[in-house]
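[1] Here is my input, please return the structure:
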Amino acid sequence: MTKEQKDKIKKLLLEKREEVVGQIEQMKKDGALGKSQKEASGDLSGYSIHMADMATDNYDREMQYGYASAEQKILYEIDAALQRMKEKSFGKCQTCEADISINRLLAMPYAKFCLKCQEQEDKTKQE
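    Next up is the predicted model:
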């Protein structure tokens, strides 16, 4: 991998990191993350919440937590990729140590497996 390619991928990683952090912050600000059920529903009165409304609110909260968890995982993968760059091991498959194709890294800059090993990893997770 050339220095220019590595610089381009590092820029992609940093841009993606900024985007993910922004999305997580937006979810915290707009969503139900970190709020009690009453706060999240906007009903701060002393009246009880209807069961159907409560179920909808719970579903929405679970969806928000799922999205936040997925974004947090991507953030972890980006940080790990940036660390691999510092350690000069970036671009090598963590399973077979073959070079990860530049096209794969441009599409998914935090990839840690070559395509063949990723397919095997995916098969293993499905079983």
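
[2] Residue 56 - how many residues pack around it?
    By other C-beta atoms under 10 Å, the residues close to residue 56 number 12. (Glycine included, C-beta is placed from N, CA and C.)

[3] can you tell me how far residue 66 sits from residue 59?
    Counting by C-beta to C-beta, to the nearest Å, the gap from residue 66 to residue 59 is 11 Å.

[4] Over to residue 126?
    Distance from residue 126 to residue 59, by C-beta to C-beta: 27 Å.

[5] Between the two, tell me which one has more neighbours.
    Taking neighbours as other C-beta under 10 Å, residue 126 and residue 59 compare with residue 59 leading, 10 against 6.

[6] Show me what counts as buried in the helix or strand encompassing the more buried one.
    Using DSSP states H and E, residue 59 falls within helix 51-86. Within helix 51-86, the residues that count as buried by 16 or more other C-beta atoms under 10 Å are 57, 61, 64, 68, 71, 74-75, 77-78, 81-82, 84-85.

[7] would you turn those into TSV with distance to residue 29 and pLDDT?
    Converted to TSV, the buried residues of helix 51-86 look like this (distance: C-beta to C-beta, whole Å; pLDDT from 0 to 100):
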residue	distance to residue 29	pLDDT
57	18	70
61	15	73
64	12	76
68	12	80
71	14	90
74	19	94
75	17	95
77	24	96
78	21	97
81	27	96
82	26	97
84	32	96
85	31	95
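
[8] what's the residue nearest the centre of the chain in contact with, if anything?
    Nearest residue to the geometric centre of the chain (C-alpha atoms, centre = their mean): residue 74, 2.4 Å. By C-beta atoms under 8 Å, 6 or more residues apart in numbering, the contact set of residue 74 is 16, 20, 110.

[9] can you count the residues close to the second one?
    Right, residue 20. 19.

[10] was I right about it contacting residue 75?
    Yes - counting by C-beta atoms under 8 Å, residue 75 is a contact partner of residue 20 at 4.9 Å.
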